[in-house]
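Visitor: Predicted model and sequence follow; I will ask about them next.
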Amino acid sequence: MMKNELMLVAIIVILLIMKVADNGKSNSMWIGVINVLLIVNCIVDWLPVREGELFGGVFKSYDLGNFGKNLLSTGVLLISLFSVDWLKRCEHIAEFYLLMLSTLLGMFFMISSGNLLIFYLALELSSIPLAALCNFGLAERKSGEAAMKMIMSSAFSSCIMLMGISFLYGASGTLSFDALTIVVQETPLYIMGFVLLFVGVAFKLSVVPFHLWTADVYEGSPIPVTAFLSVISKGAMIIVFTFLLYHVFGSLSHTWYLLLYILSIVTMITGNIFAIRQENLKRFLAFSSITQVGYILVGISGSSAEGVTSSVYFIVVYLFSNIAAFGVISQIAEKSGRETITSYKGLAKQNPFLAWTLAIALFSLAGIPPTAGFFGKIFLLKAGASKGDVFLITIAALNMIIALYYYLRVIRAMFMDESEESIPKMHSGLSLKFALVICLAGILFTGFFGPVYEYILSLSKGI
């Protein structure tokens, strides 16, 4: 039942031994060995694993959580593949992977946690190494600033969450999720504890108004770390978030529906307003991700198996779309040092593969058919509409239309605008092309392959 976690621990131990025995190994050798280990890890993770409990219910293995872990392992592999050029000049490549895999291990334990204490410890394991990763642009002051903002925001959110956990423990006398499921009632103390716990999770998800760290951290971090923050970190938190709401705090559904209702609207509108104004592509994708979280909250508010399914399905689509976008941005930034939208003018003439890949990824994020993003947003709206609240669905649909403007702005720059200083032709490495092709396949075929949604739905009914 701990197959995913044990595989990560084994890889971390192998990397530690390699680091201790390092005799001037080149970065290319490190990259080759680590990517092979990540491929093996990904294959093993997708093998079947049974449901159950360990250590007296502290660790839980359930089908939807295992699917989420497998998905996150795949995302980390894709990020590693498109980051090869950056990793070749990374001064501390072993430390980079050790921190990233430690963060991923914390996310796995967080998904499988069976009580509030283990959940909090796993959250810290996934947060502290991630702050160190944000500082891996060692030659740039922005990277240090990003790490500082990340660790400060994590500290504040952790304090708030701990206060919520203490209220819940004081009211119930237990930390067990199964016990809380039975005893939680709509009393002031339980509601206060839940709201504080909710706020701590909202910080990690960049839900407005707890999003203020997001854009600066995305901009200052190296692009592989930004991709990890945007895709892997948010994906793990969404899975945990749905489990907490539906399984542990189902009796407080009236309270958390009101919270989701208000915060989803504020998050969608704020993300869109600020995304329109961005020139730097990393900040642009930061506010784009905030908007996408708003859409996910709409789906979760449906309070049904379809709500969980649509949210997890959207994570699948979001993973492929965002990793494809960051893969292209990483390649261009590494070769030319350019990260602004205006610098992408005329990109399609010199680099058609990169331009089309980024365009398809943005089409998916915008929800334009026939990409999987279109189906993902339809499912989110359908799940959110199960409550019969027309106003919420109307606001979400209008925000999706507004978002078309800033996504198409980037596409127009690549295909329609011309520049005398356009980005020169680039030769992409095999690993980058492989990662981008996998992402493109996911974007184009996931939406039309109905069994994906049906499979996630069958897993969601177990929560």
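Guide: Cool, the structure landed.
Visitor: just the helices in the stretch 201-350 of the chain please.
Guide: 214-220, 223-227, 234-243, 253-276, 281-300, 305-336, 347-350 (DSSP state H, counting those that start in this stretch).
Visitor: closest one to Leu133 among the ones you listed?
Guide: In terms of Cβ to Cβ, the element of the helices of the stretch 201-350 of the chain nearest to Leu133 is helix 223-227, at 4.7 Å. Every residue, glycine included, has its C-beta placed from N, CA and C.
Visitor: Please name every helix or strand in contact with that closest one.
Guide: Contacts defined by 3 or more Cβ pairs under 8 Å, 6 or more residues apart in numbering; DSSP states H and E place helix 223-227 against helix 63-82, helix 84-88, helix 116-134, helix 281-300, helix 305-336.
Visitor: of all those helices, which lies closest to Ala275?
Guide: helix 281-300 (3.8 Å).
Visitor: Output the contacting helices and strands for the closest one.
Guide: Looks like helix 281-300 contacts helix 214-220, helix 223-227, helix 234-243, helix 253-276, helix 305-336, helix 372-384, helix 390-415 (3+ Cβ pairs under 8 Å, 6+ apart).
Visitor: can you redo the ones you listed as CSV with mean neighbour count?
Guide: Converted to CSV, these look like this (neighbours: other Cβ atoms under 10 Å):
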stretch, mean neighbour count
helix 214-220, 24
helix 223-227, 27
helix 234-243, 24
helix 253-276, 19
helix 305-336, 25
helix 372-384, 23
helix 390-415, 17
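Visitor: picking that back up, tell me which of the helices of the stretch 201-350 of the chain sits nearest to Phe136.
Guide: Nearest of these (Cβ to Cβ): helix 223-227, 6.3 Å.
Visitor: Pull up the per-residue confidence for Glu420.
Guide: For Glu420, the pLDDT comes out at 69.
Visitor: cool, and the one 3 residues further on?
Guide: Per-residue confidence at Ile423 stands at 76 (pLDDT).
Visitor: Output the helix or strand harbouring Ile182 as PDB, nothing but the C-alphas.
Guide: Using DSSP states H and E, Ile182 falls within helix 177-183. Only the C-alpha atoms of helix 177-183 are listed here, as PDB (Å, rounded to 0.1, in the frame of the first residue of the first chain):
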ATOM      1  CA  PHE A 177     -10.300  11.700  10.000                       C
ATOM      2  CA  ASP A 178     -12.700   8.800  10.400                       C
ATOM      3  CA  ALA A 179     -13.700   9.900  13.900                       C
ATOM      4  CA  LEU A 180     -14.100  13.500  12.800                       C
ATOM      5  CA  THR A 181     -16.400  12.400  10.100                       C
ATOM      6  CA  ILE A 182     -18.800  11.100  12.800                       C
ATOM      7  CA  VAL A 183     -18.500  13.800  15.500                       C
END
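Visitor: for that helix, what is the average pLDDT?
Guide: In the prediction, helix 177-183 has an average pLDDT of 89.
Visitor: With stretch 77-94 instead?
Guide: Mean predicted confidence for stretch 77-94 is 86.
Visitor: Check which residues of the helix holding Ile182 are buried.
Guide: Within helix 177-183, the residues that count as buried by 16 or more other Cβ atoms under 10 Å are 177, 180.
Visitor: chain center to that helix: distance?
Guide: Helix 177-183 sits 28 Å away from the centroid of its parent chain (Cα atoms, centre = their mean, to the nearest Å).
Visitor: Show me the contact partners of that helix.
Guide: 57, 60, 113-116, 168, 172, 174, 247-251 (Cβ atoms under 8 Å, 6 or more residues apart in numbering).
Visitor: List buried members of the residues you listed by neighbour count.
Guide: Buried among the contacts of helix 177-183 by 16+ other Cβ under 10 Å: 60, 113-116, 168, 172, 247-249, 251.
Visitor: Okay, and which of the residues you listed map to strands?
Guide: Lys60 (DSSP state E).
Visitor: my read: Val207 touches Ile265, true?
Guide: No - the pair Val207 / Ile265 is not scored as a contact, 11.3 Å apart, by Cβ atoms under 8 Å.
Visitor: quick one: common contacting residues for those two?
Guide: Gly294.
Visitor: From the chain's centroid, how far away is the helix or strand Pro451 falls within?
Guide: Assigned by DSSP H and E, Pro451 falls within helix 450-460. Distance, stretch centre to chain centre, for helix 450-460: 20 Å (Cα atoms, centre = their mean).
Visitor: about what we covered before: mind checking which of the helices and strands packed on helix 223-227 is nearest Val225?
Guide: Closest among those, using Cβ to Cβ: helix 116-134, at 4.7 Å.
Visitor: Contacts for that closest one next, please.
Guide: Counting by Cβ under 8 Å, 6+ apart, 58-59, 96, 99-100, 102-110, 113, 143, 146-147, 150-151, 154, 158, 161-162, 165, 168-169, 175, 177, 180, 204, 217, 220-221, 225, 228-229, 233, 236, 240 sit against helix 116-134.
Visitor: Can you give the distance of it from its chain's centre?
Guide: Using Cα atoms, centre = their mean, the offset of helix 116-134 from its chain centre is 15 Å.
Visitor: Give me the mean pLDDT for that helix.
Guide: On average, helix 116-134 scores 90.
Visitor: Helix or strand for the nearest residue to Leu16 once chain neighbours are set aside, just tell me which one.
Guide: Using Cβ to Cβ, 6 or more residues apart in numbering and skipping residues adjacent in sequence, the residue nearest Leu16 is Leu98, 7.1 Å away. Following DSSP H and E, one finds Leu98 within helix 93-111.
Visitor: Which elements pack onto that helix?
Guide: helix 3-20, helix 27-45, helix 63-82, helix 116-134, helix 234-243.
Visitor: so which of these comes closest to Asn351?
Guide: Nearest to Asn351, of the helices and strands packed on helix 93-111 and by Cβ to Cβ, is helix 63-82 at 14.9 Å.
Visitor: Next, the angle helix 234-243 makes with the closest one.
Guide: Helix 63-82 and helix 234-243 are oriented at 170 degrees to each other (axes from the mean of the first three to the mean of the last three Cα atoms, to 10 degrees).
Visitor: Adjust the sequence numbering to begin at 312 for everything that follows.
Guide: Got it, first residue is 312 now, which makes that one helix 374-393.
Visitor: Return helix 374-393 as PDB; C-alpha atoms alone will do.
Guide: Coordinates of each C-alpha in helix 374-393 appear next as PDB, following Å, rounded to 0.1, in the frame of the first residue of the first chain:
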ATOM      1  CA  ASP A 374      -8.100   4.400  -5.300                       C
ATOM      2  CA  LEU A 375      -8.600   8.100  -6.100                       C
ATOM      3  CA  GLY A 376      -5.500   9.100  -3.900                       C
ATOM      4  CA  ASN A 377      -3.400   6.400  -5.600                       C
ATOM      5  CA  PHE A 378      -4.500   7.700  -9.000                       C
ATOM      6  CA  GLY A 379      -3.500  11.200  -8.000                       C
ATOM      7  CA  LYS A 380       0.000  10.000  -6.800                       C
ATOM      8  CA  ASN A 381       0.500   8.300 -10.200                       C
ATOM      9  CA  LEU A 382      -0.500  11.400 -12.000                       C
ATOM     10  CA  LEU A 383       1.900  13.600  -9.900                       C
ATOM     11  CA  SER A 384       4.800  11.100 -10.600                       C
ATOM     12  CA  THR A 385       4.100  11.400 -14.300                       C
ATOM     13  CA  GLY A 386       4.100  15.200 -14.100                       C
ATOM     14  CA  VAL A 387       7.500  15.200 -12.300                       C
ATOM     15  CA  LEU A 388       9.000  13.000 -15.000                       C
ATOM     16  CA  LEU A 389       7.700  15.400 -17.700                       C
ATOM     17  CA  ILE A 390       9.100  18.400 -15.900                       C
ATOM     18  CA  SER A 391      12.500  16.700 -15.500                       C
ATOM     19  CA  LEU A 392      12.500  15.900 -19.200                       C
ATOM     20  CA  PHE A 393      11.800  19.400 -20.400                       C
END
